[in-house]
Structure formats: structure tokens, C-alpha cells
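Chemist: Any chance you can model this:
(chains A and B)
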Amino acid sequence: MDFLISSFTEALRLIGSFSPDVVDAVRTSLSVAAGATVFAALFGIPVGLAVGLTNSRLKGFAVTALNTLMAAPTVVVGLLVYGFLSRQGPLGALGLLFTPTAIVIGGTLLASPIVANYTLASVRGADPRILPTALTLGAGPVRAAATLVGEIRFGVFAAVIAGFGRVVAEVGVAMMLGGNIRGYTRTMTTAIALETSKGEFSFGMALGIVLMTVALVVNLFLGLLQRR
Amino acid sequence: MTELYRLRSVTKRYGSNVAVAIDALTIDSGRLYTLTGANGAGKSTLLGILAFLTPPTTGEIFYAGERIDWKSDIVRNRRRKVTLLHQSPYLFVGTVFRNVAYGLKARGIAGDAALRAVDRALETVALGGFRDRDARELSGGEAQRVAMARALALAPEVLLLDEPLANIDRETAGLLEAVIASLPSRGTTVVMTTHDPDPPARWNGGSIVLSGGKVVSPRVPLSA
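Modeler: Below is the predicted model:
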């Protein structure tokens, strides 16, 4: 018990003293997660809208595909992207492997199905009068869709936040595609895994506290939006 | 009178259910038509078809002499001539102005022109001064009037009304009835569903009676 208490105390000291390693990992985590979330929103929101609004017979297949992708293990996504970005891969010449960009790419693939699924759920739960009202007032398909997004904006925000939560908390993609390079691609989650294996439990705990705080803030925000 | 709509062998099916099956129906411009029938007779479906929101399963629709091709931009252009007001209208989040100006904005009308059109429409439904009110905080009757103002601001060729006088207080009903009755004289064709047992006498218009999705009594206007 003394071990845990002393580690926790040391972890708080590391956070309070703004340890450069802690700050670097937090900064990298938040920046790659933010980048991936932006791209996931750009991709996932239109996909969620398209699937939600279509009456195509392929709709069931699309929903199943999105659900499957949402449950994809992070290491599988990491493996797939690794295959493309590795030196022998089709995109190897770009030299992106073991860079923050590679983590953003992997994070985008992880978060997009989540953003799309949450958006789809919001579209399904939207008032059915929104689109006919917009259309009968003369809106074209794009304006009508934009109006729908505006009316269900809290659900769409929730989708984006859920995507951010997925990326910031994952370890597989960051480890496989980032390489856990200190001060460059080391995120909170990969740093926790590495430092704990080296016996630096306090350091891992410090990052764990920060990560849990981020997760708490994200979930509080999500809960707030879902109540609107 | 000029023929505005002509429907020929129009059906609308939802699965095995036939919601509408109309052999022939003509609607002239500048008239007020009441559309009556029991619940499930197909009134709302027909309004959706006339509003170019619901494509029929089979059949042809002509509007102002032009055959409607549901897969082309013609539908969108024609849709802009026609406005459907639902029985329980949806008001968008935001102010009354945003709602009433929505269709104007979609037509590229903004600034002072939009402001004037919105004010004029709101005054028509006795809601002058409501422009900056939150649309979601209005009473049921006020919301109904804002929805009417939103439609009137567009000066549509055709106004389709789904039970506009249901579920509102008598004062609001009287006001909306007067506004609706004045529309044909301004050149707007009106088709409205109602449960009124003898509407033509008061409305001095035409009557379309639906039963089981079929037109059973398309009466001509009492006065032409």
C-alpha cells in the first residue's frame, strides 16, 4: 500500500512540476487526437448523414459495416496502416511511418466509424419533419442536409467528442505507427506502457491521472450534450 | 381558370398498402380546394405528392402543362413554387426571423428585402414584433401562425395546408381562416385538408373527397 501511496504522491509532484516528459506526452496525445478527430469529423459526419438519409437497399449493409468497423481492434487498424506506410508498402516512399502524421492517419480510421455511427443515430432520432420542412421551403439537398445537422448539432458534437475519446485513449495505433519516440511520437498511453515496463510506475501513474482527467472531461461534456 | 395540376393514373404504395390510387384529378389555379376524407384516406399522401415531396409509385403528374420528371431538377424548381404546411409544423431552432426568412434565404433573398418580406408576413398573421422571439418558446397557436407566415413570405403559387385549423384556439383559427380565404384573390391556389362536413359553402371553392385513396367526389368550384 505504501508503494501505491508514494507512487501517487510522486505522480502528483511530476504533474505539478510540469515534468518535460509528461508535458511532451500530453501535448503529443492531444495534438494527434485533435488532428485525427478533425479528419474523422470531415469523413464520418457526411457518411453518417448519407447512411441515415438513404433509402437504398444497401443501407443495412452500410450500418453493419459501420458497426463492425467501430469495433475494430486498434492493433488491426495499426497493422493495416503499417502495411501501407512501411518502406515496402504502397505509401512507403512518403516516409510517414513513426511520425505523428501516421498516428493521425490511424486515429482517423479508428474514430471515423464512431463519428459516423453516432451521427447516424442522431439522424435516426431526428424529428422526421425537419427535412420535408426544409425541402418544401425551397432548400436544395445540401442546404436541407446542413439544416438537419444544425437541428441535431448536439448529437453531432457528441459524435465528434466520442471520436476524440476513442483516439486519445488508444494505445495500439500510437505504438505501432508512432513507434513511441520520446519527445516526438510518444503519447500518454504509449508512455504509460513503456515507463511501467521499465519500473517507472510513478511516471506512468502521472500520465494515467492526466489521461483519466481528459477522459472525465470528455465524458462530462458528452453527457452534457446528450442531455440537451 | 387555368389548369395547374393534372394527375393521371397516380398511385402511391407503401409495401403492399396502396395509399393513393387516383385515375384522374385536375386542380385549377387561383382556387381554394378543400380535401376531405376519413383518416387513412390518403389526404396527407396526396398533399406530399402535390408538394413534389413524395414521388408517386406510378402515374403522371403535370404542373402548369409540364410533365414532372421526378429524377430531374424540374422537381426542385417546381417544389419552389409550392409550399406545404404540415398540421403540426416544425419550427427550426432560433428566432422567428430565422424561420420566416429560411425559404427566402434559400432563394437568395437576404438583407432589407428579406427583412421587409418577413415583417409583412408576420403582420399578416398578427405577429408583428415577434421577429426576434425564440421560435421554440412560442405557444401552439403562435407557432402555427409563424409557420403560416413562413409559407406566406414565399408568395407560393400553391399553398398546401394539412389541417391548418386543427388543434388551435378559436381566435387563431378565425385569423388563419381569413388569411387562407384571401389567398386565391392574390393568385395563390390553396388545397387544404379539413374535417369540416360542408366546407365549400363557406370557402366558396372546390372540393376533393378521398376514400380509400381514390377520388370519389371532385366537385367543381361553386363560383367561377
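Chemist: Just give the nearest non-adjacent residue to A:R129, would you?
Modeler: Using CB to CB, 6 or more residues apart in numbering or on different chains and skipping the chain neighbours, the partner closest in space to A:R129 is B:Y90 (3.7 Å). Any C-beta I mention is one placed from the backbone N, CA and C, and that applies to glycine too.
Chemist: Looks like that neighbour contacts A:A134 (just checking).
Modeler: No: in terms of CB atoms under 8 Å, B:Y90 does not count as a neighbour of A:A134; the distance is 9.1 Å.
Chemist: So for those two, which sits in the more crowded spot?
Modeler: When B:Y90 and A:A134 are compared for neighbours, A:A134 comes out ahead with 25 against 18, by other CB atoms under 10 Å in any protein chain shown.
Chemist: SS state for the more buried one?
Modeler: helix (DSSP: H, G, I helix; E, B strand; the rest coil).
Chemist: For chain B, what lies in contact range of chain A?
Modeler: Listed as neighbours of chain A in chain B under the rule CB under 8 Å from any CB of the partner chain: B:48, B:51, B:53, B:76, B:79-80, B:82-84, B:86, B:88-90, B:92-93, B:102-103, B:106-107, B:150-151, B:154.
Chemist: A:A11 - how many residues pack around it?
Modeler: 22.
Chemist: residues of whichever helix or strand it is part of that come out buried?
Modeler: Secondary structure from DSSP states H and E places A:A11 in helix A:2-16. Neighbour-count burial for helix A:2-16, counted by 16 or more other CB atoms under 10 Å in any protein chain shown, picks out A:7, A:10-11, A:14-15.
Chemist: got the angle between the very next helix or strand once past that helix and helix A:2-16?
Modeler: The C-terminal neighbour of helix A:2-16 among helices and strands, as given by DSSP H and E, is helix A:20-53. Put simply, helix A:20-53 runs at 80 degrees to helix A:2-16, going by axes from the mean of the first three to the mean of the last three CA atoms, to 10 degrees.
Chemist: what's in contact with the helix or strand following helix A:20-53?
Modeler: Following helix A:20-53 in sequence order, the next helix or strand is helix A:59-70 (DSSP H and E). Under the contact criterion CB atoms under 8 Å, 6 or more residues apart in numbering or on different chains, helix A:59-70 has outside partners A:47, A:51, A:54, A:112-114, A:116-117, A:120.
Chemist: quick one: least confident helix or strand in chain B?
Modeler: Least confident helix or strand of chain B, by mean pLDDT, DSSP states H and E, is helix B:199-203 with a mean of 61.
Chemist: average pLDDT across the helix or strand just after that helix?
Modeler: With elements assigned by DSSP H and E, the helix or strand that comes after helix B:199-203 is strand B:206-211. Mean per-residue pLDDT for strand B:206-211: 91.
Chemist: Can you name the residues of chain A sitting close to chain B?
Modeler: So far as CB under 8 Å from any CB goes, chain A lies against chain B at A:127, A:129-130, A:132-140, A:143, A:147, A:150-151.
Chemist: Of those residues, keep whichever come out buried.
Modeler: A:130, A:132-139, A:143, A:147, A:151.
Chemist: farthest pair in those?
Modeler: A:G138 and A:E151 (17.1 Å; CB to CB).
Chemist: can you list the weak-confidence ranges in chain A?
Modeler: Applying pLDDT under 70 to chain A flags residues A:226, A:228.
Chemist: Tell me the buried residues in the helix or strand where B:A181 lies?
Modeler: B:A181 is part of helix B:170-182 when elements are defined by DSSP H and E. By neighbour count on 16+ other CB under 10 Å, the buried set for helix B:170-182 is B:172-173, B:175-176, B:179-180.
Chemist: And for stretch B:49-64?
Modeler: B:49-54, B:56, B:59, B:61, B:63.
Chemist: so what's A:I45 up against?
Modeler: Counting by CB under 8 Å, 6+ apart, A:I45 has contacts A:115-116, A:119, A:149, A:156, A:159-160.
Chemist: In helices, which of those appear?
Modeler: For those, the ones inside helices are A:115-116, A:119, A:149, A:156, A:159-160, with DSSP state H as the criterion.
Chemist: could you check the distance from B:M192 over to chain A?
Modeler: Look at B:M192 and chain A: by CB to the nearest CB, to the nearest Å, they are 15 Å apart.
Chemist: Using CSV, list the CA coordinates for the helix holding B:A181.
Modeler: Output of helix B:170-182 as CSV, limited to C-alpha atoms (Å, rounded to 0.1, in the frame of the first residue of the first chain):
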residue,chain,number,x,y,z
ARG,B,170,-60.8,29.7,-32.0
GLU,B,171,-59.2,33.2,-32.2
THR,B,172,-56.1,31.8,-34.1
ALA,B,173,-58.4,29.6,-36.3
GLY,B,174,-60.5,32.6,-37.2
LEU,B,175,-57.4,34.6,-38.1
LEU,B,176,-55.9,31.9,-40.2
GLU,B,177,-59.2,31.2,-41.9
ALA,B,178,-59.5,34.8,-43.0
VAL,B,179,-55.9,34.7,-44.3
ILE,B,180,-56.4,31.5,-46.2
ALA,B,181,-59.7,32.7,-47.7
SER,B,182,-57.9,35.8,-49.1
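Chemist: Please work out which residues outside the next helix or strand after it touch it.
Modeler: Counting by DSSP H and E, the next helix or strand C-terminal to helix B:170-182 is strand B:189-193. Under the criterion CB under 8 Å, 6+ apart, residues B:4, B:27-36, B:43-44, B:47, B:50, B:87, B:157-164, B:180, B:183-184, B:205, B:208 lie in contact with strand B:189-193.
Chemist: Just the pLDDT for the most centrally placed residue in chain B.
Modeler: Centre of chain B computed as the mean C-alpha position; nearest residue by CA atoms, centre = their mean is B:L160, 1.3 Å away. On pLDDT, B:L160 comes in at 97.
Chemist: which SS state does it fall under?
Modeler: Per three-state DSSP, B:L160 ends up strand.
Chemist: residues contacting it?
Modeler: B:47, B:50-51, B:82-85, B:190-192.
Chemist: what about 7 Å?
Modeler: Listed by CB atoms under 7 Å, 6 or more residues apart in numbering or on different chains, the contact set of B:L160 reads B:47, B:50-51, B:82, B:84-85, B:191.
Chemist: same check, this time on B:R136
Modeler: B:91, B:93.
Chemist: Over to B:V179?
Modeler: Per CB under 7 Å, 6+ apart, neighbours of B:V179: B:124-125, B:148.
Chemist: Now B:I22. Nearest residue, chain neighbours left out?
Modeler: Distance criterion CB to CB, 6+ apart; nearest residue to B:I22, sequence neighbours excluded, is B:V10 at 4.7 Å.
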